[in-house]
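Trainee: structural data only, the sequence is not supplied:
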Ligand code: PAF
């Protein structure tokens with residue numbers, strides 16, 4: 001596996017490669033990331049996994065500071081599944097003089113995560129555009145775990161006519177149902193036991209939707225209450241359309257439940273796609 005730290009070295013290495021897949025990450029590689037890389041390997045001849053903790057997408061500097069940095073372990077894990085290239089630049093390589101040009105994403109980026117983390121998707125889009133320009137992949141894989149991010153990146157690629165196919169990957173979960181995330185390592189043993197309740201609250205909603213219930217506000221409220229009763233600080237648990245993440249109206253039945261809530265100082269997000277019965 002090649003480990004490359006500069007843009008010029010990466011460009012040189014990729015010069016004669018035609019069929020490149022890209023998996024952008026911020027490191028602390030877990031089985032969720034490995035599943036993205038494995039999926040990329042089935043779709044492209046050379047897979048470049050990027051590891052870059054992007055300061056621009058953190059609105060609280062301590063969140064940036066406490067983001068786990070586990071580079072050596074990350075290399076081992078990626079190598080063990082046959083990843084071809086790791087691009088792991090330092091901050092000066094990506095932002096040599098501070099970033100002055102930004103991608104300003106549209107309204108979809110201002111709600112949900114965007115509301116609670118202002119500027120987050122501006123930072124994500126800016127770095128992803130930069131990584132795409134450097135790697136020039138034919139395909140790129142993003143996880144459904146960051147559902148809103150995936151939707152925004154799809155929009156970015158489409159609106160800037162980038163010749164890249166965005167492939168969505170299913171979320172990898174622990175046996176308890178908890179979505180794998182780099183943040184899980186901040187949970188105490190007690191919090192780890194409690195954490196699957198976020199998924200459970202979403203499952204309650206999806207079961208109701210599948211049974212034909214359309215009172216989304218009541219379901220969202222009940223989910224929030226359930227979590228709050230068990231000590232969560234809930235940012236949102238909502239039902240939205242899969243396309244565009246709008247509030248569903250009559251006839252919308254391809255839905256997704258999106259949630260974000262904190263246990264102690266650890267903020268978790270998750271989502272669950274659900275298809276409601278077609279209205280007659
Ligand atoms: O999902 C992530 O890890 C990050 O938001 C990404 C896409 C690597 C951009 O920094």
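Mentor: Received it, and whenever you're ready, just let me know what you need. From a predicted model like this one, the values you see are computed outputs, not experimental measurements.
Trainee: in contact with residue 251: list those residues for me.
Mentor: Counting by C-beta atoms under 8 Å, 6 or more residues apart in numbering, residue 251 touches residue 279. Where C-beta positions appear, they are placed from N, C-alpha and C, glycine not excepted.
Trainee: what about stretch 113-132, near the ligand?
Mentor: Yes: contact of stretch 113-132 with the ligand (C-beta under 6 Å from any ligand atom) involves 124, 127-128.
Trainee: what do you get for stretch 42-62?
Mentor: Yes: using C-beta under 6 Å from any ligand atom, stretch 42-62 reaches the ligand at 54, 57.
Trainee: that stretch: how far from the chain's middle?
Mentor: 10 Å (C-alpha atoms, centre = their mean, to the nearest Å).
Trainee: for that stretch, list every residue counted as buried.
Mentor: Judged by neighbour count using 16 or more other C-beta atoms under 10 Å, the buried positions of stretch 42-62 are 44, 46-58.
Trainee: would you turn these into JSON lines with pLDDT?
Mentor: Below are these laid out as JSON lines (pLDDT from 0 to 100):
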{"residue": "44", "pLDDT": "98"}
{"residue": "46", "pLDDT": "98"}
{"residue": "47", "pLDDT": "98"}
{"residue": "48", "pLDDT": "98"}
{"residue": "49", "pLDDT": "98"}
{"residue": "50", "pLDDT": "98"}
{"residue": "51", "pLDDT": "98"}
{"residue": "52", "pLDDT": "98"}
{"residue": "53", "pLDDT": "98"}
{"residue": "54", "pLDDT": "97"}
{"residue": "55", "pLDDT": "96"}
{"residue": "56", "pLDDT": "96"}
{"residue": "57", "pLDDT": "96"}
{"residue": "58", "pLDDT": "94"}
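Trainee: got JSON lines for these, with secondary structure and distance to residue 247 too?
Mentor: Listed next are the buried residues of stretch 42-62 as JSON lines, based on DSSP: H, G, I helix; E, B strand; the rest coil; distance: C-beta to C-beta, whole Å:
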{"residue": "44", "secondary structure": "coil", "distance to residue 247": "37"}
{"residue": "46", "secondary structure": "strand", "distance to residue 247": "42"}
{"residue": "47", "secondary structure": "strand", "distance to residue 247": "38"}
{"residue": "48", "secondary structure": "strand", "distance to residue 247": "38"}
{"residue": "49", "secondary structure": "strand", "distance to residue 247": "36"}
{"residue": "50", "secondary structure": "strand", "distance to residue 247": "34"}
{"residue": "51", "secondary structure": "strand", "distance to residue 247": "36"}
{"residue": "52", "secondary structure": "coil", "distance to residue 247": "34"}
{"residue": "53", "secondary structure": "coil", "distance to residue 247": "34"}
{"residue": "54", "secondary structure": "coil", "distance to residue 247": "30"}
{"residue": "55", "secondary structure": "helix", "distance to residue 247": "33"}
{"residue": "56", "secondary structure": "helix", "distance to residue 247": "29"}
{"residue": "57", "secondary structure": "helix", "distance to residue 247": "26"}
{"residue": "58", "secondary structure": "coil", "distance to residue 247": "28"}
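Trainee: can you list those in CSV and add distance to residue 251?
Mentor: Putting these into CSV (distance: C-beta to C-beta, whole Å) gives the following:
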residue, distance to residue 251
44, 38
46, 44
47, 40
48, 42
49, 41
50, 40
51, 43
52, 42
53, 42
54, 39
55, 43
56, 39
57, 35
58, 39
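Trainee: ok, so of those, who is nearest the ligand?
Mentor: Using C-beta to the nearest ligand atom, residue 54 is the member of those that lies nearest the ligand, at 4.0 Å.
Trainee: by contact count, what packs against the helix or strand residue 225 falls within?
Mentor: Applying DSSP states H and E as the criterion places residue 225 in helix 216-229. If you count contacts as 3 or more C-beta pairs under 8 Å, 6 or more residues apart in numbering; DSSP states H and E, helix 216-229 packs onto helix 197-210, strand 233-241.
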